[in-house]
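[1] Coordinates only, no sequence provided:
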């Protein structure tokens, strides 16, 4: 295990120590100097909320103090592996994608579908794809009971587990099984990454190529940090487990609906070790809309309370002290709901009543609070290693606080708290729009806003003289109402899913012809009928095509999708047309629905999208930002001036020897282009690229200066950087003008 021990790490740990010291001093000062003797309940309530924030931050610093970097060992050979896919009510369309990917995993294995829904259509799907189908008569123990039923019908040495919507890459077992050479290791956990980056928990900026995810801090920093303390835990999917270890603890724990964490506690308490391999080896479907998101978080909250009161890690024999601390930290986060409601209600109470939770809100208070607040935020962002995003986390907390409160209520007072609710994936058209999930945030907004107006009116008419106190609390209430309004606006966009499936971003060359044209000119040479476009996103049901020219809605196209590894023939109907004027020809984006995909072609496309396309576009998105200390001590490479690059997404023809090959111009600058091509070029060679612009073409001359090989499973693709010749200046300006407009389609 290699530990990152750079100058940056040492400095940020020093910052964390300073922040802890300042926090302790501030809290001591708050208790000893600031409590309002006339409002002790109010004073203690706010102080406990602040104390909770400090303690959870310190626990976070402990968990992420050192981040190990693991290198995947060579795979073990000739071992038996079974893949478990537990399912209950997920659609066969979602399940099919996962099973197709499982059949493509290179390491010898058997795929077993554990169907707690006892559905004939799932059994038929398993028979079609060559998977083992298992269904039990009773459904005790929810997901854990289902997995234990699978263990009874498996004799494999290792068990890989994926949720029904998590599609593994073909090298999943090869990248993880080598760790299990160590007989003390019970399981290898990998991140849970999601390909539908338009989900409720993602914020994506296509133009800046950045993405923020609610769980990135956990999977990119907290889990690796836990790994250092041998406390990384199984999260229910995307893991490879040792059968012997599971047998040692009696299988998966059935007394909690968060069976994954409790099973991990049992394994660690028995002396087994765990590994967290921080590499995305499977991609799932995140909760698309607000309702499934809150169902999932509510289940996690209830499950954590079950563990806290039934198998509290502080009292489980066999755990090390770091393991106890790590588990307690991870299962008490729903208390944040209580903390946040205190922070949201304190300013309105002060504004309405004039009662403060401290003796005085004056300059002296701000001189103590401001350094504590600023150093805490700074240290948190540094220890988050660029995955935190304080403002986004605060928005999410505003969105979840009531769900956390509800999870505690349901655990304490509802008999049905043990019910395992599968997170819904895919839009249910019969589901009522969940406007009620926005009400708590709307109440925070309204109460804060009314309190601000009320206090301002009192000041205007002389009812209050404490202007400074009112100003500070108005600012606090305004901040809370701003968070509430921001998450309400986002929630409203995510009340329901507007698209039936996430469209995988890509850049695939497409040859197409209109069917009626082909019929009327049957005697013409076929190649003259074909035109070229670029698919900027794909699903198994359709594609978005960028082309020069127009094809009105209602036209039927005969297409050849030129994916790496195979050219796929399909027919499709143009469902919508969006055009903008070009210099001499319009630039269009066509929405095409496939109508003639054979089952084999559809399955091949499914495999390509989830094995190659998802990896390519996720690599292009930055999931972290550089922290202040990193920029100061390491420099900011992004600060270097770089030539402007525009998305191209234009078809290109290149002649290599006697062979003409086609590729996609992905982006273009004044000095070069980036080409995505299936065939190989030679670095150093001079090429002439014919950029196809509908009925016209432009020729660019340049030298191949760099190559990036993209090997994703069975799909091989090359990226070549070409430095353009001075003679291509005029043509480049024309292409840049077109590319700017295409970028509006792709990034919009």
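    Looks like it came in fine. Not measured: the values here are computed from a predicted model. Residues are numbered from 1 along each chain as shown.

[2] where's residue 127 relative to residue 541, distance?
    Distance of residue 127 to residue 541, given as CB to CB, to the nearest Å: 24 Å. Using the backbone N, CA and C atoms, a C-beta is placed for each residue, glycine as well.

[3] Now do the strands in the stretch 101-250 of the chain.
    Ranges of strands within the stretch 101-250 of the chain are 110-115, 132-134, 158-161, 167-168, 185-189, 193-194, 202-205, 210-213, 239-242, based on DSSP state E, counting those that start in this stretch.

[4] The first one pairs with which strands, parallel or anti?
    The partner list of strand 110-115 in its sheet, established with DSSP bridges, is strand 81-87 (parallel), strand 132-134 (parallel).

[5] and the shortest one, which residues are buried?
    Yep, that's strand 132-134 we're talking about. 132, 134 (16 or more other CB atoms under 10 Å).

[6] circling back: let me know which of the strands paired with strand 110-115 is the nearest to residue 335.
    Residue 335 lies closest to strand 81-87 among the strands paired with strand 110-115, at 29.7 Å (CB to CB).

[7] How far away from the center of its chain is the closest one?
    23 Å (CA atoms, centre = their mean, to the nearest Å).

[8] who touches it?
    95, 98-99, 102, 105, 107-117, 122, 131, 143, 146-147, 150, 154, 156-164, 168, 173, 177, 240 (CB atoms under 8 Å, 6 or more residues apart in numbering).

[9] switch the cut-off to 7 Å
    95, 98-99, 102, 107, 109-117, 122, 143, 146-147, 150, 154, 156, 158-162, 164, 173 (CB atoms under 7 Å, 6 or more residues apart in numbering).

[10] what does stretch 22-34 give?
    47, 50-51, 54, 358-359, 365, 368, 371-372, 375-376.

[11] cool, and stretch 473-485?
    With contacts defined as CB under 7 Å, 6+ apart, stretch 473-485 is touched by 344, 347-348, 350-351, 394-395, 398, 441, 444-445, 448-449, 451-452, 455.

[12] quick revisit: the contacts of strand 81-87, buried ones only, as a PyMOL selection?
    To isolate the buried members of those in PyMOL, using 16+ other CB under 10 Å:
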select buried, resi 95+98+99+102+107+109+111+112+113+114+115+116+122+143+146+147+150+154+156+158+159+160+161+162+164+173
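
[13] sec struct for residue 387, please.
    Per DSSP: H, G, I helix; E, B strand; the rest coil, the secondary structure class of residue 387 is coil.

[14] my read: it touches residue 215, true?
    No: counting by CB atoms under 7 Å, residue 387 stays clear of residue 215, with 9.7 Å between them.

[15] Between these two, which is the more surrounded one?
    residue 387 (21 against 18; other CB atoms under 10 Å).

[16] List phi and psi for that one.
    phi -110, psi 0 (degrees, to the nearest 10).

[17] low pLDDT regions in the stretch 551-700 of the chain?
    For the stretch 551-700 of the chain, the stretches with pLDDT under 70 are 636-643.

[18] before we move on, back to that, out of the strands of the stretch 101-250 of the chain, nearest to residue 19?
    Among these, strand 210-213 sits nearest to residue 19 (CB to CB), with 23.0 Å.

[19] Give the pairing partners of the top strand by length along the chain; include direction for each.
    Counting residues, the longest strand in the chain under DSSP state E turns out to be strand 696-712. In its sheet, strand 696-712 lies beside strand 686-693 (antiparallel), strand 715-724 (antiparallel), with partners assigned from DSSP bridges.

[20] Go through that strand and flag the buried ones.
    Buried residues in strand 696-712 (16+ other CB under 10 Å): 698, 700, 702, 704, 712.

[21] can you pull out the strands in the stretch 301-450 of the chain?
    Going by DSSP E, counting those that start in this stretch, the stretch 301-450 of the chain shows no strands.

[22] which regions of it lie under the pLDDT threshold?
    Applying pLDDT under 70 to the stretch 301-450 of the chain flags the ranges 414-432.

[23] Now with 50, please.
    Confidence mapping of the stretch 301-450 of the chain against pLDDT under 50 gives the ranges 417, 429.

[24] got the contact list for residue 546?
    Residues near residue 546 by CB under 7 Å, 6+ apart: 533-534, 536, 589, 649, 742, 745.

[25] run the last query once more with 6 Å
    Residue 546 makes contact with 534, 536, 589, 649, 742 under the criterion CB atoms under 6 Å, 6 or more residues apart in numbering.

[26] what's in contact with the longest strand of the chain?
    With CB under 6 Å, 6+ apart, strand 696-712 has contacts from 611-612, 615, 681, 683, 685-686, 688-691, 717, 719-725, 727-728, 731.

[27] out of the residues you listed, which are buried?
    611-612, 615, 681, 689-691, 717, 719-722, 724, 728, 731.

[28] if we take the contacts of stretch 22-34, which one ends up nearest to residue 552?
    The closest of the contacts of stretch 22-34, once distances to residue 552 are taken by CB to CB, is residue 376, at 58.7 Å.

[29] if we can go back for a sec, just name the most buried of the strands paired with strand 110-115.
    With neighbours defined as mean count of other CB atoms under 10 Å, those peak in mean count at strand 81-87, which reaches a mean of 25.

[30] So what's the model's average confidence on that one?
    Mean pLDDT, strand 81-87: 97.

[31] likewise stretch 14-31?
    97.

[32] Also stretch 225-243?
    96.

[33] Name the residues of it that come out as buried.
    Buried residues in stretch 225-243, counted by 16+ other CB under 10 Å: 225-243.

[34] what two of the contacts of stretch 473-485 have the greatest distance between them?
    395 and 455 (25.1 Å).

[35] Looking at the two, which is more packed in?
    Between residue 395 and residue 455, residue 455 has the larger neighbour count (other CB under 10 Å), namely 26 against 20.

[36] residues in contact with that one?
    So residue 455 contacts 351, 470 (CB under 6 Å, 6+ apart).

[37] Residue 411 touches residue 305, doesn't it?
    Yes: under the criterion of CB atoms under 6 Å, residue 411 makes contact with residue 305 at 4.1 Å.

[38] To residue 627, which of the strands paired with strand 696-712 lies closest?
    The closest approach between residue 627 and any of the strands paired with strand 696-712, judged by CB to CB, belongs to strand 715-724 at 29.4 Å.

[39] Show me what the mean pLDDT comes to for that closest one.
    Strand 715-724 comes out with an average pLDDT of 93.

[40] what element comes up after it heading to the C-terminus?
    helix 729-747 (DSSP states H and E).

[41] Okay, helices next: where are they in the stretch 501-650 of the chain?
    For the stretch 501-650 of the chain, helices defined by DSSP state H, counting those that start in this stretch occupy the ranges 515-520, 526-529, 599-608, 614-619, 628-634.

[42] want to try TSV for those helices, with distance to residue 501 as columns?
    Below are the helices of the stretch 501-650 of the chain laid out as TSV (distance: least, CB to CB, whole Å):
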stretch	distance to residue 501
helix 515-520	25
helix 526-529	31
helix 599-608	11
helix 614-619	13
helix 628-634	38
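
[43] any idea how far residue 712 lies from residue 370?
    50 Å.

[44] And residue 568, by the same measure?
    61 Å.

[45] Who has more neighbours out of these two?
    residue 568 (21 against 10).

[46] Near residue 48, how many other residues are there?
    13.

[47] what's the helix or strand for it?
    Going by DSSP H and E, residue 48 is in helix 40-63.

[48] after that helix, next one along is what?
    By DSSP H and E, the next helix or strand past helix 40-63 is strand 68-69.
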